[in-house]
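Undergrad: Just need the structure, nothing else, for what follows:
(chains A and B)
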Number of protein chains: 2
Amino acid sequence: MSDLLETAFASVDAELDRSVESLFALVRVPSVSSDPAYAGDCRDAATMLSHMLEGLGFSASVRETAGHPCVIAHLPSKKAGVPKVLFYGHYDVQPAEPFETWQSPPFDPVRVERDGATSLVGRGMADDKGQMWTFFQACQALLRTTGELPVDLTVLVEGEEEAGSASLEQFLRENRDELACDVAFVCDSSMWDEVTPAITCSLKGLLHERVTLIGPNQDLHSGLYGGVATNPLRVMARVLSALHDADGKVAIPGFYDGVREVAPTVLGRWRELEFSAWDVLSGVGLSHSAGEAGRTVLEQLWARPAIDINGINGGNAGPGERSVLPSVATARLSIRLVDGQDPQRIRALFREFISRQLPEDCSVSFAGSEGYPAIAVPEENKFLQLAVGALSDEWGRQPVLQGTGGAIPAVRFMKDILGVDSVMVGFGLSGDAIHAPNENYGLERLRKGARSWVRILEACGRVEG
Amino acid sequence: MSDLLETAFASVDAELDRSVESLFALVRVPSVSSDPAYAGDCRDAATMLSHMLEGLGFSASVRETAGHPCVIAHLPSKKAGVPKVLFYGHYDVQPAEPFETWQSPPFDPVRVERDGATSLVGRGMADDKGQMWTFFQACQALLRTTGELPVDLTVLVEGEEEAGSASLEQFLRENRDELACDVAFVCDSSMWDEVTPAITCSLKGLLHERVTLIGPNQDLHSGLYGGVATNPLRVMARVLSALHDADGKVAIPGFYDGVREVAPTVLGRWRELEFSAWDVLSGVGLSHSAGEAGRTVLEQLWARPAIDINGINGGNAGPGERSVLPSVATARLSIRLVDGQDPQRIRALFREFISRQLPEDCSVSFAGSEGYPAIAVPEENKFLQLAVGALSDEWGRQPVLQGTGGAIPAVRFMKDILGVDSVMVGFGLSGDAIHAPNENYGLERLRKGARSWVRILEACGRVEG
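TA: Residues are numbered from 1 along each chain as shown, chains lettered A, B, ... in the order given. Now for the predicted structure:
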């Protein structure tokens, strides 16, 4: 190992406790973006971050958006011709309610010793304040070691990720030139398991659709009209059940057009990981896959589109029984898209599929947000390959190149507006309880995360921008 | 026409305004049975009725039940060997909220002149205070004409019909001997149309079933688990859509066992009425029947069992979109039974049908009230035949022998406990707005209803008990 890395790693260790203290200071700010009552706290968090980045040597500023502010910070390398790197994170957090389910107050962070390891507990500790800290601590260590960074670095931290990144798209458009870069690094994702790092290489696209069926022009008494009047709930059950065939495949004609089969070599790699995928299912009380027959769980999760019913509502919701034959039934669905599927085309196919099954006495209306397509980061991206090597060196194992059905809006906006791919490296684990009570992050992962970024940045400094 | 009838009809006309005044006095008492706030008013209504029946010459008393009290009144005929007749009605009414949708206060009854006819407006005016009044006015007219009634009459008025007649079964058991009779007359149903009387001869049975499906042991993110984790809403749509085949027939094996085909002569009679059945559908914005192919609407409504979904609930109910894959989905159903179907057997078949369609990762629980079978009054019942003749004479048209999918618990209890059939003669119309704002009853129907009962009671006096 190079002297540079040795020295930087020693700095990570030496500064670890001080780093935790500054992380705790940020966690104490309840920067809940979805609740207007915390708008002042979001601004405070942005200001604190800006000051902290200034302290590291960046030129940082709080920047206005239509919503909560962003922080932008620059620190150019002293070397010419090095890559321009954009690091993205978010300072906002999920609401912490109900507070009484927390073992310690969510915005009063603590260290907890568990099974011989130290866990840091507080809202935002993992998502995304602690994950961001792995990167900032790496920057600090490199700066202490060499007095400079190996790349031209810009940091972008937004304050609305947990509320859909509503202002980010416009903000990126307005600051396109300032944010221009060769690659974006994002630290808001998970490891494969406790000992295996991962890089997230594909994000599914998403469409939300709301289907409202109307039968009779008023709620009816099922005793007086039952079995004769068109019941929109019965129609809804029929049209929704027609969405999948007996093999779990989506039955909408044309739905899979343009969806490419995963390369056999990649499928082979995924097959070796399949055992862990089953752990994910058994963790939520399931023992079977409800997906397409003949495909592995990982393929279904990462590479196959899916339609899920998010909610059905209509008629009597109890608690007592009521013989109502309702006038209206509503279903909400999410359609997860993969590379090759155009959201607008899929929406049209979906609506056509539902509409043509309806009986004459049933009208339909559709509503849905705009939707967005899937994103795939090509495996041959050179920064991704550098990260693969760096993570392998740090963890002693090849990182898993994983997909996810979840969305990170920033990744899409950076692709569309800045024209760059995102290399998504994160150190989260399912036990971190993000979006849940007692959110936590392991101290050892903070340390090894920082070391991982030291390696990645150092490697980036050795290629051309 | 006999002198007796002439004289009695003249008495009906002479007393009509006074009768309306006493009906208004009862309507002013807000005897809402489902709201405990009105418990005192229910008792006041029972007391007032008891006094009114005493005034007519009955020996009447308010009688305690587990809930709101009943009124029982007796008036034996002076003749021996005449039939024992039980008249059933209810003094309780539906809630009147929202009050602001009434054109006049619901418990401050008024006469309204409309298109040259007089309408009486107030909560309970039709259901069931005014309908009862048709019978009581007939009793008064007969008593003024002959000084006696042609039958041994017992009046039973309950105060919980709008709340499911919860105390009536026990009350009938406790007073079985006192209420023994040859026939029960009930005035709580409708005419066929404005000019055609009707007798309701069949009431469907009813089962309520609640199906709860559980998939994963917690709500999941549809981005992370979509298409792979068993979604109980998707399973629910599938099992509910399987309840009916493409011809609208219930697909549960054995469901129709024991259901008899309607006799061709009866079907022929119904076919002549089919036009009016379509009016019922078009009145609620429908133009097609959703029932079994190849059967008339009236046959579906009156003689065929039906399953309806009363409600489905699970997952996101909005207003925003949320990518949830829910743990739990619930559906509520009502199953309307016809003669020949045993509720417990049908319940078992239903549960078996649902259960065997479930995937391994989906558990089910069922809940339901006890349910009750259908009731059919044989057309050959001699009192029913007397009513047919009397109504034909009064209205100049044969009464329609109709069915209904609705239930009148008292009819079932009187059959089970007292062992008598109910002859259900009523003068309601769909425009009466029962259970709705501006409930009303036509003055002319009060008059012709009273005349109809004069004829029916007079005819009963001419047969043996």
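Undergrad: correct me, but residue A:77 touches residue A:147?
TA: No - counting by C-beta atoms under 8 Å, residue A:77 sits too far from residue A:147 to count as a contact (10.8 Å). Every residue, glycine included, has its C-beta placed from N, CA and C.
Undergrad: Looking at those two, which one has more neighbours?
TA: Per other C-beta atoms under 10 Å in any protein chain shown, whichever of residue A:77 and residue A:147 has more neighbours is residue A:77, with 19 against 9.
Undergrad: Tell me which residues touch residue A:391, please.
TA: Counting by C-beta atoms under 8 Å, 6 or more residues apart in numbering or on different chains, residue A:391 makes contact with A:197, A:199, A:399, A:425, A:452, A:455-456.
Undergrad: Out of those, which is nearest to chain B?
TA: Comparing the contacts of residue A:391 against chain B with C-beta to the nearest C-beta places residue A:199 closest, at 17.2 Å.
Undergrad: Pretty sure the closest one sits in a strand.
TA: Yes - remark: residue A:199 belongs to a strand, assigned using DSSP: H, G, I helix; E, B strand; the rest coil.
Undergrad: which ones are touching it?
TA: With contacts taken as C-beta under 8 Å, 6+ apart, residue A:199 has the following neighbours: A:384, A:387-388, A:391, A:399-402, A:423-425.
Undergrad: Distance of it relative to residue A:109?
TA: As for residue A:199, its distance to residue A:109 is 28 Å (criterion: C-beta to C-beta, to the nearest Å).
Undergrad: Then residue A:69?
TA: Residue A:69 sits 23 Å away from residue A:109 when distances are taken as C-beta to C-beta.
Undergrad: what do you get for residue A:88?
TA: For residue A:88, the distance to residue A:109 equals 23 Å [C-beta to C-beta].
Undergrad: wouldn't residue A:293 be in contact with residue A:248 here?
TA: Yes - shown here, residue A:293 and residue A:248 form a contact pair, counting by C-beta under 8 Å, at 5.7 Å.
Undergrad: the more surrounded of these two?
TA: Here residue A:293 and residue A:248 are compared on neighbour count by other C-beta under 10 Å; more neighbours surround residue A:248, at 19 against 10.
Undergrad: Next, that one: secondary structure please.
TA: Counting by three-state DSSP, the three-state call for residue A:248 is coil.
Undergrad: Surely it and residue A:291 touch.
TA: Yes - the pair residue A:248 and residue A:291 qualifies as a contact (C-beta under 8 Å) at a distance of 5.4 Å.
Undergrad: which residues sit against the longest helix along chain A?
TA: Within chain A, and with DSSP state H defining each element, the longest helix by residue count is helix A:3-27. Residues from elsewhere that reach helix A:3-27, judged by C-beta under 8 Å, 6+ apart: A:45, A:48-49, A:52, A:91, A:107, A:109, A:111, A:120, A:122-125, A:129-130, A:133, A:136-138, A:140-142, A:144-146, A:443, A:446-447, A:450-451, A:454-455, A:458.
Undergrad: now do the same end-to-end measure for stretch A:434-442.
TA: 13 Å (C-alpha to C-alpha, to the nearest Å).
Undergrad: If you count neighbours, what's buried in it?
TA: For stretch A:434-442, burial by neighbour count (16 or more other C-beta atoms under 10 Å in any protein chain shown) applies to A:434, A:437-442.
Undergrad: Go through those residues and say which is closest to residue B:334.
TA: Compare each of the buried residues of stretch A:434-442 with residue B:334 using C-beta to C-beta and the shortest gap goes to residue A:437, at 40.2 Å.
Undergrad: what about residue A:299, neighbour count?
TA: Neighbours of residue A:299 under the rule other C-beta under 10 Å: 22.
Undergrad: Packing partners of the helix or strand encompassing it?
TA: Residue A:299 is located in helix A:297-303, with elements delineated by DSSP states H and E. Packed against helix A:297-303 by the contact rule (3 or more C-beta pairs under 8 Å, 6 or more residues apart in numbering or on different chains; DSSP states H and E) you find helix A:264-282, strand A:400-404.
Undergrad: closest to residue A:359 out of these?
TA: Closest among the helices and strands packed on helix A:297-303, using C-beta to C-beta: helix A:264-282, at 37.5 Å.
Undergrad: can you list the residues of the stretch 101-250 of chain A near chain B?
TA: Those residues of the stretch 101-250 of chain A that sit near chain B, judged by C-beta under 8 Å from any C-beta of the partner chain, are A:204, A:206, A:208, A:210, A:215-218, A:220-231, A:233-234, A:236-238, A:240-244.
Undergrad: and these, which of them are in strands?
TA: Within these, membership in strands is found for A:206, A:208, A:210, A:220-221, as judged by DSSP state E.
Undergrad: quick one: which of those residues has the most company?
TA: Ranked by neighbour count (other C-beta under 10 Å), these have residue A:206 at the top, with 25 neighbours.
Undergrad: before we move on, the earlier item: ok, then the element right after the helix holding residue A:299?
TA: Tracing the chain C-terminally past helix A:297-303 and defining elements by DSSP H and E, one meets strand A:306-315 next.
Undergrad: Sheet-wise, list the partners of that next one with their directions.
TA: Based on DSSP bridges, the strands next to strand A:306-315 in the sheet, each with its direction, are strand A:328-337 (antiparallel), strand B:306-315 (antiparallel).
Undergrad: so which pair among the ones in strands among the residues of the stretch 101-250 of chain A next to chain B is furthest apart in space?
TA: The widest separation within those, taken as C-beta to C-beta, falls between A:206 and A:221 and amounts to 40.4 Å.
Undergrad: Would you map the helices across the stretch 1-150 of chain A?
TA: A:3-27, A:39-56, A:131-146 (DSSP state H, counting those that start in this stretch).
Undergrad: Determine which of those helices approaches residue B:183 most closely.
TA: Counting by C-beta to C-beta, residue B:183 lies closest to helix A:39-56 out of the helices of the stretch 1-150 of chain A; the figure is 74.7 Å.
Undergrad: Can you pull the phi/psi pair for the residue in the stretch 1-150 of chain A positioned nearest to chain B?
TA: Residue nearest to chain B within the stretch 1-150 of chain A (C-beta to the nearest C-beta): residue A:34, separated by 10.6 Å. Taking degrees, to the nearest 10, you get phi -80, psi -10 for the backbone angles of residue A:34.
Undergrad: What is the burial count for it?
TA: 13.
Undergrad: distance of it from residue A:164?
TA: Distance, residue A:34 to residue A:164, by C-beta to C-beta: 9 Å.
Undergrad: follow-up on the earlier one: could I get the strands paired with strand A:306-315 in a markdown table, plus columns for mean pLDDT, distance to residue A:255 and mean neighbour count?
TA: Output for the strands paired with strand A:306-315, formatted as a markdown table (pLDDT from 0 to 100; distance: least, C-beta to C-beta, whole Å; neighbours: other C-beta atoms under 10 Å in any protein chain shown):
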| stretch | mean pLDDT | distance to residue A:255 | mean neighbour count |
| --- | --- | --- | --- |
| strand A:328-337 | 96 | 9 | 24 |
| strand B:306-315 | 95 | 22 | 26 |
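Undergrad: quick one: contacts for the residue sitting furthest away from the middle of chain A?
TA: Taking C-alpha atoms, centre = their mean as the measure, the residue most remote from the mean C-alpha position of chain A is residue A:224, 50.3 Å away. Counting by C-beta under 8 Å, 6+ apart, residue A:224 makes contact with B:301, B:404-406.
Undergrad: any chance of those in CSV, with distance to residue A:376, pLDDT and neighbour count too?
TA: As requested, these are exported to CSV (distance: C-beta to C-beta, whole Å; pLDDT from 0 to 100; neighbours: other C-beta atoms under 10 Å in any protein chain shown):
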residue, distance to residue A:376, pLDDT, neighbour count
B:301, 57, 91, 28
B:404, 61, 87, 19
B:405, 56, 82, 30
B:406, 59, 78, 17
